[in-house]
Every structure is written in C-alpha cells, then in structure tokens.
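Participant: after the sequence you'll find the predicted model.
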Amino acid sequence: MLHTFVALVEDKPGVLTRVASLFRRLNVNIVSLTVGRSERPGVSRMTIVALSSTSAGHRIMASLYKLENVLEVDDMDQVANVTRELALIKVGATPQTRSHIFELVEVFRARIVDLAPESLMIEITGVESKIEGLIQVLIESGDPILEVSRTGRMVMRRGHHTSRVLEAMRVAAVHESEAKDTAVFDLIEEESNFQK
C-alpha cells in the first residue's frame, strides 16, 4: 500500500539524509520524495510517498516525529486532500507526426513548452493516472518517448487549517488592523496640523 506523509522540517544540512536513513532502517521503500520551501522562512515541506504494509503508517509517522529537525508530520491518507504531480515528457517528432501529438496534448489539457526539429517537450500537471494515461497513449501511437522527468506527488489538505495556519492568519489580521489604525491616526494628525 502507498502511504503519503507531509513533513515540515527545518531547512538545515543533513535533514534529508536522516529521513532517507529512517526509511532504510524501517525497510520501507520511498516511491517519491518532493522537497521545497514552505510558507514559513527556514522551514521546508517534504512530501514522502512510501510503499509499505497497511498497518505501517502509524509506525512510520511516529518514527518521523522522533527525528531531529522534524517539526510536524501529517498522514495524508487519513484526510481529504488535493494531489498533483508535474511531468515533462520529451517526445521524438517529425513534421508528419507533430499534428497528431498536438491533438493528444490538447485532449489531456497539457501544453507544449519546447519545440525542436526532431522532438517536442510536453508539460502536464494532474493526478498520477492522468500522466500515466498520456504516456501510455504516446507509446501506443508509436511516438518515441525520449525522456520523462516527474516531480512526484505534491499533496495538501482540503479546506482544513492546522493551528499553525490559523495562527498565521490571526497574526496577518492583527497586522492589517494595526496598519489601518496607524493610517487613521496619521490622517487625523495631518488634518490637525492643516487646521493650525
């Protein structure tokens, strides 16, 4: 079974090695790993997709929490979420086959991002099955796939806000309110100076 975890980690050297080593020690295969900056300075967001038994999810999550530099862990299999993946697919194309590939790209709501004399590059975003579908159709139509680069899953909870997000929203609202109060005070002071 595939398990998807999102971990917020401190942006420090060695964190990725610790996470990978943990999965090696647990004898769990990482299917995909996506890492990037989060909305918080100094904090990165890791999306880890791992292949393990159905009951192993809780054990993996508990082990991730024990790692140094790991701030939060979320098991995305237990909640409603939005999942997307990005893929770049380079396809061999001749002037005769280009129009057919353009039609396929349009059907899958993808787009052409590079056009060369012997090839073209397709960018597609969506769920894994959509990307697999395009690749399968390209193979079946005889268009040679030269290269494929995929990001792996990126996942976010639907509609649910953690306490961390709610706190950030509250702080932003307080700052906005303070800015309005300052602007009103400045306006009153300006009018007062004008009347003098």
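Facilitator: Nice, I can see it.
Participant: which phi and psi values does Lys12 adopt?
Facilitator: Taking degrees, to the nearest 10, you get phi -130, psi 150 for the backbone angles of Lys12.
Participant: quick check: it vs Ile30, distance?
Facilitator: Separation of Lys12 from Ile30 (Cβ to Cβ, to the nearest Å) stands at 20 Å. Heads up, the C-betas are built off the backbone N, CA and C, glycines and all.
Participant: which one of those two is surrounded by more residues?
Facilitator: Neighbours were counted for Lys12 and for Ile30 using other Cβ atoms under 10 Å; Ile30 has more, 14 against 11.
Participant: check Glu68 and give its pLDDT.
Facilitator: On the pLDDT scale, Glu68 is placed at 87.
Participant: residues touching it, list them.
Facilitator: Neighbouring residues of Glu68 by Cβ atoms under 8 Å, 6 or more residues apart in numbering: Arg18.
Participant: relative to Asp74, how far out is it?
Facilitator: Separation of Glu68 from Asp74 (Cβ to Cβ): 19 Å.
Participant: over to Thr4?
Facilitator: Note on Thr4: its distance to Asp74, by Cβ to Cβ, is 9 Å.
Participant: quick one: low-confidence parts of this structure?
Facilitator: Counting by pLDDT under 70, the chain shows low-confidence ranges at 160-196.
Participant: ranges for the strands of it?
Facilitator: Ranges of strands in the chain, per DSSP state E, are 2-10, 29-37, 43-51, 70-75, 81-92, 111-115, 119-126, 145-150, 154-157.
Participant: possible to save those strands as JSON lines with distance to Val137?
Facilitator: As requested, the strands of the chain are arranged in JSON lines below (distance: least, Cβ to Cβ, whole Å):
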{"stretch": "strand 2-10", "distance to Val137": "24"}
{"stretch": "strand 29-37", "distance to Val137": "22"}
{"stretch": "strand 43-51", "distance to Val137": "24"}
{"stretch": "strand 70-75", "distance to Val137": "34"}
{"stretch": "strand 81-92", "distance to Val137": "11"}
{"stretch": "strand 111-115", "distance to Val137": "16"}
{"stretch": "strand 119-126", "distance to Val137": "11"}
{"stretch": "strand 145-150", "distance to Val137": "11"}
{"stretch": "strand 154-157", "distance to Val137": "24"}
